[in-house]
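Colleague: What follows is a protein structure lacking sequence information:
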């Protein structure tokens, strides 16, 4: 019996596995049609990777009559699920059409199948395979060049990882034909290199995508040399550079090594350089500019006087890691982000659940209907039963009437406004120091319906909250057999998803959502009495009550209408009890400069006071205001978490946050029907630039704004006034005290300043460590967080100040 039972169990398991297996295998079944020829190429000329959005280029040739069809492709998300990408197209007789499906390949997939559907039936399917798959963890570098092979020195794999950072880089040749026309596709590249390529050959849409990609926080490197006249004009609006004459120049290679602070194989050959005046020079050789650096939005543009594919330089051994070293040293945050295969936008999604949804469903009709059934039905039944002397049946009639009224109320509820889908939306508008405004829009969607829902938005691109992750694929596991999302592309963009059980909440984000007009002009500076600032609303938004906060304290800001300007002051103050910090609105506490703290401390303090309601002798908090306080606290805290340099970022930055109105709305549709039960909130957040020059002529440098440069010491103990090489590691926020590290600050315009007050702060320092300041001849002991006596003696003629940490006891990390 036991054996028979086991056999039956095995048969049942096999029967259950057959449908899933058949479904998985059906993902790649080919089907040919005499009326249609389909060709497909994955990636960029067959080169692709996983964990990033890749193009699927599809060419269709119609041999039959006019048709309207849907082109689809199934792409693995993980070993259990797959996404489906669809685009509806019209194809005339004897016509040829090329389309691009931007697909995110979340797991290893060797075969991709293009399906063509017509009138609800699949009538053609063609398989394609990539010719090469790159390392999913590598940064992709797009190369726009007439000789892309000359830039192959950028490739870094395990065998060529000179810095031993396990950070790999792969170049991908691009041209005007395969250059992405969608931001999602171009965002798969961390860096673009342009050498001898005219960006003007790109279409207007491609150039617009390139501009958006750059301003979003990516790196563009433009080469010069003999072909500078081809590449430079397209970025001259950013760099201000105009190519001049070609000049053979010696000493280029040594200057590049010197700037990096490393030694290397000598290269004593002349290099052709493009002469140009002005610009922001980053690296020069005895006054001759080699590399310029310019910021574009949140991104960076590097322009070189030499060709990126110069034969002498490209074959020079140190060039294999030159750009990696330069990005680590000069724009480390952008360099790190270039390796990320995911976005931080989704981190705001769950905050939308804090938004209250007003329940305006009328309850009176349902209550009246239930009461009417009970009263009228009960009275009529009683009269009827009394007439026939059957009043003993009332015990049965009354429960029946109650059940009928309950059913009627339920029917009214199911068909009434309470049964309509709900949409909660949260807009986080962030403005950087450069004034660039970005919008993160997240949606919280729930519906009583079962089955797949096609969700669309009126503006922007709808994306699920939890996409863009790469999963290692296990060859021993089965193929994915469950549909995850259905991406509808083309003119009718949408996202199909099975929401599961009724009222299951799903989170989405809307990319490229419309922005309000204008921005917020704001600045802060220091005077003798404290921190002064202003906020000038030059946007179309109405800013509600908000808060200005920094490391020193906070200040409540009233509502500011478009065109209005508000000035504020944080007055210098001290704590009544030194070890018990009680913060006051509009007060500045310099003692806090020595502490790191948490960013939401002042936000919570501010909202705790503004949300209080006093009823007689009882003080309670307004629930709605408290809920909004939690929402803003989470948004501001997330802003800090998203930044790479958490504590120093908090130390040096000033912030303004407020709830806002008049943000361009985005309508949400489920299966073509607009969602009407909605609630939304918008939070504006700005990083406020600090101006060191006050109106009284005094200059105040805020702790954290001046970069501490690690320096080495001479044998006699004096500091070497140039940055210590850290080529084999990231710019460190953590330094071993056993190394007795020394740092240098360079005071801008020191020649015109007289230092009257000076103090140094650190986020963390062991109690038994000691700091020292260098006065030009010896190191003088100094207590961190206190004012320096006679500070001018520690500032040399170049404005350099040197500080060292020592550990007298046993070394401690």
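Modeller: Everything's here; your move. For clarity, every value in this text was computed on a predicted model and none was experimentally measured.
Colleague: Following the chain onward from the worst-scoring helix or strand of the chain on mean pLDDT, which element is next?
Modeller: Ranked by mean pLDDT, DSSP states H and E, the helix or strand of the chain with the weakest confidence is helix 646-652, at a mean of 44. For helix 646-652, the following helix or strand on the C-terminal side (DSSP states H and E) is strand 654-661.
Colleague: ok, now how distant is residue 635 from residue 540?
Modeller: Note on residue 635: its distance to residue 540, by Cβ to Cβ, to the nearest Å, is 21 Å. C-betas here are computed from N, CA, C, even on glycine.
Colleague: Looking at those two, which is more packed in?
Modeller: Taking neighbours as other Cβ atoms under 10 Å, residue 635 and residue 540 compare with residue 635 leading, 23 against 14.
Colleague: name the element the more buried one belongs to?
Modeller: Using DSSP H and E, residue 635 falls in helix 623-642.
Colleague: Then residue 497?
Modeller: Assigned by DSSP H and E, residue 497 falls in strand 494-498.
Colleague: so what strands line up beside that strand?
Modeller: strand 452-457 (antiparallel), strand 482-489 (antiparallel) (DSSP bridges).
Colleague: Out of those, which gets nearest to residue 215?
Modeller: Closest to residue 215 of the strands paired with strand 494-498 is strand 452-457 (Cβ to Cβ; 22.8 Å).
Colleague: Does anything pack onto the helix or strand residue 685 falls within? Which helices or strands?
Modeller: Counting by DSSP H and E, the element that carries residue 685 is strand 677-688. Applying 3 or more Cβ pairs under 8 Å, 6 or more residues apart in numbering; DSSP states H and E, one finds that strand 677-688 makes contact with strand 422-431, strand 518-527, strand 542-550, helix 623-642, strand 654-661.
Colleague: and it, which strands flank it?
Modeller: If you go by DSSP bridges, strand 677-688 pairs up with strand 422-431 (parallel), strand 654-661 (antiparallel).
Colleague: After it, which helix or strand is next?
Modeller: That would be, after strand 677-688 and using DSSP H and E, strand 690-691.
Colleague: Which strands border that next one, and is each parallel or antiparallel?
Modeller: Partners of strand 690-691, by DSSP bridges, with direction: strand 518-527 (parallel).
Colleague: Could you check how far stretch 152-161 is from the centre of its chain?
Modeller: The chain centroid and the centroid of stretch 152-161 are separated by 27 Å, computed with Cα atoms, centre = their mean, to the nearest Å.
Colleague: how about it: buried residues?
Modeller: For stretch 152-161, burial by neighbour count (16 or more other Cβ atoms under 10 Å) applies to 153, 154, 156, 161.
Colleague: Kindly report the same for stretch 73-88.
Modeller: Result for stretch 73-88 [16+ other Cβ under 10 Å]: buried residues 73-87.
Colleague: Now it: average pLDDT?
Modeller: Per-residue pLDDT over stretch 73-88 has a mean of 91.
Colleague: Could you do stretch 461-476 as well?
Modeller: The model assigns stretch 461-476 a mean pLDDT of 68.
Colleague: one step back: tell me what the helix or strand that the strand holding residue 497 is followed by is packed against?
Modeller: Next in sequence after strand 494-498, counting helices and strands by DSSP H and E, comes strand 506-511. Applying 3+ Cβ pairs under 8 Å, 6+ apart, one finds that strand 506-511 makes contact with strand 437-446, strand 461-464.
Colleague: on that earlier part again, which of the helices and strands packed on strand 677-688 has the lowest mean pLDDT?
Modeller: Taking the mean pLDDT of the helices and strands packed on strand 677-688, helix 623-642 comes last: a mean of 70.
Colleague: Give me the angle between that one and strand 677-688.
Modeller: 50 degrees (axes from the mean of the first three to the mean of the last three Cα atoms, to 10 degrees).
Colleague: which strands and helices sit next to helix 623-642?
Modeller: Helices and strands touching helix 623-642, by 3+ Cβ pairs under 8 Å, 6+ apart, are strand 422-431, helix 601-610, helix 646-652, strand 654-661, strand 677-688.
Colleague: and the longest one, which residues are buried?
Modeller: When you say that, I think you mean strand 677-688. 677, 678, 680, 681, 682, 683, 684, 685, 686, 687, 688.
Colleague: ok, back up a step: select, out of the helices and strands packed on strand 506-511, the one closest to residue 588.
Modeller: strand 437-446 (28.0 Å).
Colleague: Distance from the closest one to the middle of the chain?
Modeller: On the basis of Cα atoms, centre = their mean, strand 437-446 sits 13 Å off its chain's mean C-alpha point.
Colleague: Repeat that for stretch 561-574.
Modeller: So, by Cα atoms, centre = their mean, the centroid of stretch 561-574 is 30 Å from its chain's centroid.
Colleague: list the contacts for the closest residue to residue 429 other than its chain neighbours?
Modeller: Closest residue in space to residue 429, ignoring its immediate chain neighbours: residue 684 at 4.7 Å, by Cβ to Cβ, 6 or more residues apart in numbering. By Cβ atoms under 8 Å, 6 or more residues apart in numbering, the residues touching residue 684 are 429, 431, 520, 541, 543, 546, 656, 657, 658, 659, 660.
Colleague: Which of those sits closest to residue 702?
Modeller: residue 656 (15.8 Å).
Colleague: Include distance to residue 794 when you put the helices and strands packed on strand 677-688 into CSV, please.
Modeller: Shown next, in CSV, are the helices and strands packed on strand 677-688 (distance: least, Cβ to Cβ, whole Å):
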stretch, distance to residue 794
strand 422-431, 37
strand 518-527, 21
strand 542-550, 26
helix 623-642, 32
strand 654-661, 27
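Colleague: I'd like to know which of these lies nearest to residue 207.
Modeller: Using Cβ to Cβ as the measure, strand 518-527 is the one of the helices and strands packed on strand 677-688 that comes nearest residue 207, at 23.5 Å.
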